[in-house]
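**Student:** with the sequence up front, the predicted model follows.
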Amino acid sequence: MNLKGLSDVKTSALPPVHTWTPPFCGDMDLIIKANGDWIHEGGKIKRPAMVNMFSRILWREEDEYFLVTPVEKVRIQVEDAPFLVTGWQWIETDKGKAIEFSTHTNDVLVLGIDCDLWMAMFEDEERPYISMRYGMKALLGRNVFYGIADCIGQVKTPEGMGMGLISAGKSYLLMKDE
C-alpha cells in the first residue's frame, strides 16, 4: 500500500478520507479479526502504531472495508467490527453525566454525543456495539461491557421499556422488558 500523502496529515487528527477518491487497486491480505486483532499475510500486526495508522485510513462502503490514501484504495476483510472498545469512564458534559469510551486504536467517543450504543447478533451471540466514524462500529470488549453492566437501570426509549443506560441525557435500551 502506498502511504504517500499521509505525511502531511497531523498524527492526532483524522485524515480527510471522506474527501479522497483514489482508484481501487485490489485486495490486500489484511483481516481484522472479531477479537480486534489485525492480521497481515497470516501474522498479527504487533506494532500498535501501525494498527493505529491503518485505522485512521479505514473506510467503509456498503458492507466492504478499504484502506484509503490520496492515491489508492485497497479492500481488506473485517470479521465483525473493525474497532474494539477497551476502556470506559464516567465524565461530566454540558448534557450531564456521560460514558466516555476508548478504543484499542486510541479513539475516544462519548456515548450520546459522539456515538450510540446497541445490541446486535454476531454469529450466534448477542454483542454490544457503538457507532464510529463513516458508518463503522466498535465492539465493546467483555471487560467494558461487564463494567458498564453495574450502571444499567430501567430506561424508556422509542423501542420500549427495559434495562439500559443513560448517557449525556440519552437513553439506550439493552434488554427489552417482556
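**Tutor:** Noted; the coordinates are in hand.

**Student:** any idea how far the spatially most central residue of the chain lies from Y65?
**Tutor:** Note on the chain: the residue nearest the mean C-alpha position is A138, at 2.8 Å, using Cα atoms, centre = their mean. A138 sits 13 Å away from Y65, taking Cβ to Cβ, to the nearest Å as the criterion. In short, each C-beta sits where N, CA and C put it, glycine included.

**Student:** what do these two both touch?
**Tutor:** Here A138 and Y65 share the contacting residues P82, scored by Cβ atoms under 8 Å, 6 or more residues apart in numbering.

**Student:** my guess is the residue nearest to the centre of the chain contacts F101. True?
**Tutor:** Yes. Contact between A138 and F101 holds when scored by Cβ atoms under 8 Å: they sit 7.5 Å apart.

**Student:** quick check: neighbours shared by the two?
**Tutor:** Both A138 and F101 are in contact with 85, 109, 115, 130, where contact means Cβ under 8 Å, 6+ apart.

**Student:** report the two of those residues separated the most.
**Tutor:** Taking Cβ to Cβ, the two most distant members of the shared contacts of A138 and F101 are V85 and C115; they sit 9.5 Å apart.

**Student:** between these two, which one's more packed in?
**Tutor:** Set side by side, V85 and C115 show unequal neighbour counts under other Cβ atoms under 10 Å, the larger going to V85 at 27 against 20.

**Student:** quick one: secondary structure of the more buried one?
**Tutor:** Reducing the assignment at V85 to three states with DSSP: H, G, I helix; E, B strand; the rest coil gives strand.

**Student:** cool, and I113?
**Tutor:** The three-state label given to I113 by three-state DSSP is coil.

**Student:** shouldn't it be in contact with A168?
**Tutor:** Yes. At 5.0 Å, I113 counts as touching A168 under the criterion of Cβ under 8 Å.

**Student:** residue ranges with poor pLDDT in the protein?
**Tutor:** 1-12 (pLDDT under 70).

**Student:** domain ranges for the protein?
**Tutor:** According to the domain assignment given by automatic domain parsing, the chain is divided into the following structural domains: 11-78, 83-176.

**Student:** closest to K44 out of the shared contacts of A138 and F101?
**Tutor:** Of all the shared contacts of A138 and F101, V85 has the smallest distance to K44: 19.6 Å, by Cβ to Cβ.

**Student:** show me what the closest one is bridged to.
**Tutor:** Residues in a beta bridge with V85, per DSSP bridges, are T103, L140.

**Student:** settle this for me: it is touching T105, isn't it.
**Tutor:** No. No contact is recorded between V85 and T105 when judged using Cβ under 8 Å, the distance being 10.3 Å.

**Student:** got the end-to-end distance for stretch 127-138?
**Tutor:** With Cα to Cα, to the nearest Å as the measure, the ends of stretch 127-138 fall 10 Å from one another.
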